[in-house]
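J.: Compute the structure for the input listed below.
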Amino acid sequence: MESNLKDGDESSSLGEKAKDWEYIRVNGLGFLPGMVCPHYDKVQSNGLLRADDFDDLLQKHDTEIGIGIDHWAALEVHGDRFRVMSLPEKEGSVLKDENNKPYFSSDRKGTPGIWIKEVKGNEIRAKLCPQEGSIQDLLRAPSSIVEDYRVGICRDLNPLAPIRIKRTKRTRIDTEVGRSQLTYAIKT
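T.: Numbers count the residues shown, from 1 in each chain. This next block holds a predicted model:
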């Protein structure tokens, strides 16, 4: 896959060759409902804009809300409240039209921000995340979550992450690190 890539993007260190891969949905830490895409406004090592890949992923998981966080932005959460933090002097995806309506800039000619995305019918709708507010006004739990069968394959193929955690019926977490087996008791 040939690619002309901008300096500073993840893929620029690859020279002319970009890696061929695609995103899959994996479970996160469970602090917030929905899917999160960090560095949303950057080109990644497969030569594609993360925002475009994330939209494709959202289409496959259309009951979930998507949170696209630009490279120079952050979502800070305290209890049931959030705020957007960013470095306004840095480049990002948020531009505003003549009516002051925000729109996405794929060439990063705007300021950093956070986008909230949702699939409605066959269309992905995006809105700029407010600067602060209540999490419940921003996100909702999905009606269903589709687990991707490729997660297990990726875990088996990843030599850098040999840790496996599984919950047992006796409220234990068995952790396998390499060839050693460790067991931790947990409170329920």
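J.: alpha carbons only for contacts and neighbour counts from here, please
T.: OK.
J.: Strands along the chain, start to end?
T.: 35-38, 66-69, 73-78, 81-86, 94-96, 102-104, 114-120, 123-128, 132-134, 163-167, 172-177, 180-185 (DSSP state E).
J.: Output the first one as CSV, nothing but the C-alphas.
T.: Below are the C-alpha coordinates for strand 35-38, written out as CSV (Å, rounded to 0.1, in the frame of the first residue of the first chain):
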residue,chain,number,x,y,z
MET,A,35,-16.1,3.2,21.8
VAL,A,36,-13.1,5.6,22.0
CYS,A,37,-10.7,6.6,19.3
PRO,A,38,-7.6,8.5,20.5
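J.: Looking at stretch 93-111 now, give me its mean pLDDT.
T.: The average pLDDT within stretch 93-111 is 96.
J.: In it, which residues are buried?
T.: By neighbour count on 16 or more other CA atoms under 10 Å, the buried set for stretch 93-111 is 93, 94, 95, 103, 104, 106, 108, 110, 111.
J.: is it possible to export the strands of the chain to a markdown table including distance to residue 146?
T.: Below are the strands of the chain laid out as a markdown table (distance: least, CA to CA, whole Å):
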| stretch | distance to residue 146 |
| --- | --- |
| strand 35-38 | 12 |
| strand 66-69 | 14 |
| strand 73-78 | 25 |
| strand 81-86 | 27 |
| strand 94-96 | 30 |
| strand 102-104 | 28 |
| strand 114-120 | 15 |
| strand 123-128 | 18 |
| strand 132-134 | 27 |
| strand 163-167 | 19 |
| strand 172-177 | 24 |
| strand 180-185 | 29 |
